[in-house]
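> build the 3D model from these lines:
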Amino acid sequence: MPFDFGALRRSPDVEGPGLEASDAADRLILDEAAALIAAAGPGEVVVIDDAYGAIALGAASLGAAHAGARDIRVHQDLVTGERALAENASRMHFGGTVRSMPLVPGLVAGARLVLMRLPRSLDRLDEVAALVSAHAHPEVVLVAGGRIKHMSLAMNDVLRLHFERLDVSHARQKSRVLTAQGLETRPPSSGAPRPAVWGPPSSGAPRPAGPWPRRERHDDLGLTVVAHGGVFAGTGVDIGTRFLLAHLADAVPDAATAVDLACGSGVVATWLARERAGLRVTATDRSASAAASARLTADANGVADRVRVAQADGLELLTDASERLVVLNPPFHSDAALHTGIAAHLFADASRVLAPGGELWCVWNSHLRYRPLLERTIGPTRQIARNAKFTVTASTKAA
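Below is the predicted model of the structure:
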């Protein structure tokens with residue numbers, strides 16, 4: 001029986017019109033790798049960055065039909081994706097066929113087939129490809145696909161850093177797959193030219209830049225930022241966060257604790273802990289790579305003892321009415337889709353956790369016009385600062 005993609009759900013992630021749990025790229029990855037999946041032995045298939053389980057469960061279904069792939073190892077960066085996979089697996093009777101793991105060498109150790117959604121971040125692709133090339137089976141095949149509008153020729157260049165051979169599928173339903181094999185660490189074949197790939201190497205092709213995670217010093221802020229591949233802004237500090245930091249000195253200055261919601265690489269949490277002696281900060285992000293980066297950033301700046309970092313869906317680990325200060329630079333993408341639902345979810349979570357009189361300090365792209373939503377969700381909202389692109393607001397939780 002064909003795998004039922006329509007039965008997949010995004011829950012507990014944001015759901016709504018235009019937000020699907022699978023797409024044509026997932027199906028193309030599975031079709032391109034079908035023979036390899038059917039032939040794979042136990043524990044030989046790994047799935048990385050599968051949004052909600054379409055690839056992992058589709059592979060499990062195909063493997064079961066052909067006595068092939070089982071005990072599939074899976075890594076998803078978002079905790080919401082990991083939970084969606086578990087819920088989908090249980091509801092669709094695939095419990096026990098897949099197991100979630102962190103992005104560590106054991107995830108890919110001995111793997112002969114890695115199925116992957118191409119990330120929009122070249123850094124994320126580089127970190128994953130480096131892990132696969134270092135720890136998978138020498139004959140591993142990496143099958144990575146995505147929507148063409150989110151792909152670039154530079155992805156070819158990144159994969160060429162780690163694999164000898166790179167092939168490309170025909171486009172189908174605005175999706176494409178790159179298949180990489182032949183580890184670059186092994187001796188090259190006898191001078192034969194590389195096979196044709198999707199377009200020529202792009203100008204400014206990447207070169208190895210050292211192992212992950214990476215770090216960068218920002219003397220203007222007095223901060224060192226450490227980041228894994230794919231974390232928002234990488235080792236940089238985005239302009240929205242810089243604008244927010246310039247005004248945070250007045251944010252509930254007598255608070256004993258604070259929360260950095262959707263913390264990314266931990267810049268805000270680390271800055272607050274460094275600027276306010278004795279302040280204890282909780283930093284949360286649903287991304288595993290962001291949470292790991294935030295811990296490293298806090299440590300690199302000497303405040304790890306006062307910054308507690310957790311991978312979590314919003315503020316689920318904090319109790320109601322427990323905090324006087326929450327700080328947020330909200331994302332406005334859900335996976336690849338532009339959607340404000342994630343910000344609304346975070347505002348509601350902040351409202352739940354704020355004590356009466358507590359404040360949410362938030363920076364947002366001015367064109368998104370979040371102020372009415374903040375007023376409805378939290379309470380009276382005042383503008384702290386505004387420039388050509390961003391607005392900083394403080395919303396006070398009503399008593």
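
> any low-confidence regions in the stretch 151-300 of the chain?
184-209 (pLDDT under 70).

> which residue ranges of it form helices?
Here the stretch 151-300 of the chain has its helices, by DSSP state H, counting those that start in this stretch, at 154-160, 239-245, 267-275, 288-300.

> okay, those in JSON lines with distance to residue 50 and mean neighbour count next?
From N, CA and C alone the C-beta is placed, and that goes for glycine too. JSON lines is the format used below for the helices of the stretch 151-300 of the chain (distance: least, Cβ to Cβ, whole Å; neighbours: other Cβ atoms under 10 Å):
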{"stretch": "helix 154-160", "distance to residue 50": "18", "mean neighbour count": "21"}
{"stretch": "helix 239-245", "distance to residue 50": "29", "mean neighbour count": "19"}
{"stretch": "helix 267-275", "distance to residue 50": "29", "mean neighbour count": "25"}
{"stretch": "helix 288-300", "distance to residue 50": "14", "mean neighbour count": "24"}
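
> dump the ones you listed to a markdown table, plus distance to residue 176.
Below are the helices of the stretch 151-300 of the chain laid out as a markdown table (distance: least, Cβ to Cβ, whole Å):
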| stretch | distance to residue 176 |
| --- | --- |
| helix 154-160 | 10 |
| helix 239-245 | 32 |
| helix 267-275 | 35 |
| helix 288-300 | 25 |
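
> of all the ones you listed, which one comes closest to residue 94?
helix 288-300 (22.3 Å; Cβ to Cβ).

> now the angle from the closest one to helix 267-275?
For helix 288-300 against helix 267-275, the angle by axes from the mean of the first three to the mean of the last three Cα atoms, to 10 degrees is 20 degrees.

> what packs against helix 288-300?
Contacts defined by 3 or more Cβ pairs under 8 Å, 6 or more residues apart in numbering; DSSP states H and E place helix 288-300 against strand 223-227, helix 267-275, strand 280-285, strand 307-311.

> any chance of CSV for those, columns distance to residue 377?
Putting the helices and strands packed on helix 288-300 into CSV (distance: least, Cβ to Cβ, whole Å) gives the following:
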stretch, distance to residue 377
strand 223-227, 30
helix 267-275, 20
strand 280-285, 18
strand 307-311, 23
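
> quick one, which of those gets closest to residue 180.
strand 223-227 (24.2 Å).

> partners of that closest one in the sheet?
Strand 223-227 pairs in its sheet with strand 214-218 (antiparallel), by DSSP bridges.

> how far does the strand it pairs with sit from its chain's centre?
Strand 214-218 sits 20 Å away from the centroid of its parent chain (Cα atoms, centre = their mean, to the nearest Å).

> likewise for stretch 392-399?
Using Cα atoms, centre = their mean, the offset of stretch 392-399 from its chain centre is 29 Å.

> okay, buried residues for it please.
Using 16 or more other Cβ atoms under 10 Å as the test for burial, stretch 392-399 gives 392, 393, 394, 395, 396, 397.

> so which of those residues sit within strands?
392, 393, 394, 395, 396 (DSSP state E).

> biggest separation within the residues you listed, which pair?
392 and 396 (14.4 Å).

> please name the nearest non-neighbouring residue to residue 386.
residue 366 (6.6 Å; Cβ to Cβ, 6 or more residues apart in numbering).

> residue 167 too?
Nearest residue to residue 167, sequence neighbours excluded (Cβ to Cβ, 6+ apart): residue 179, at 4.7 Å.

> what sits opposite that neighbour in the beta ladder?
residue 143, residue 167.

> isn't it up against residue 140?
No: judged on Cβ atoms under 8 Å, residue 179 makes no contact with residue 140 at a distance of 11.2 Å.

> hang on, the earlier thing: what's the closest of the helices and strands packed on helix 288-300 to residue 361?
Residue 361 lies closest, by Cβ to Cβ, to one member of the helices and strands packed on helix 288-300: helix 267-275, at 9.4 Å.

> chain center to that closest one: distance?
Using Cα atoms, centre = their mean, the offset of helix 267-275 from its chain centre is 22 Å.

> name the helices or strands packed onto that helix?
Contact partners of helix 267-275 among helices and strands, from 3+ Cβ pairs under 8 Å, 6+ apart: strand 223-227, helix 239-245, strand 257-261, strand 280-285, helix 288-300, strand 307-311.

> restricting to C-alpha, output that helix in PDB.
As requested, C-alpha coordinates have been extracted for helix 267-275 and formatted as PDB (Å, rounded to 0.1, in the frame of the first residue of the first chain):
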ATOM      1  CA  VAL A 267      23.500  37.000  22.000                       C
ATOM      2  CA  VAL A 268      20.800  38.700  24.000                       C
ATOM      3  CA  ALA A 269      21.000  36.300  27.000                       C
ATOM      4  CA  THR A 270      24.800  36.700  27.200                       C
ATOM      5  CA  TRP A 271      24.600  40.500  26.800                       C
ATOM      6  CA  LEU A 272      22.000  40.800  29.600                       C
ATOM      7  CA  ALA A 273      24.000  38.500  31.900                       C
ATOM      8  CA  ARG A 274      27.200  40.400  31.300                       C
ATOM      9  CA  GLU A 275      25.700  43.900  31.600                       C
END
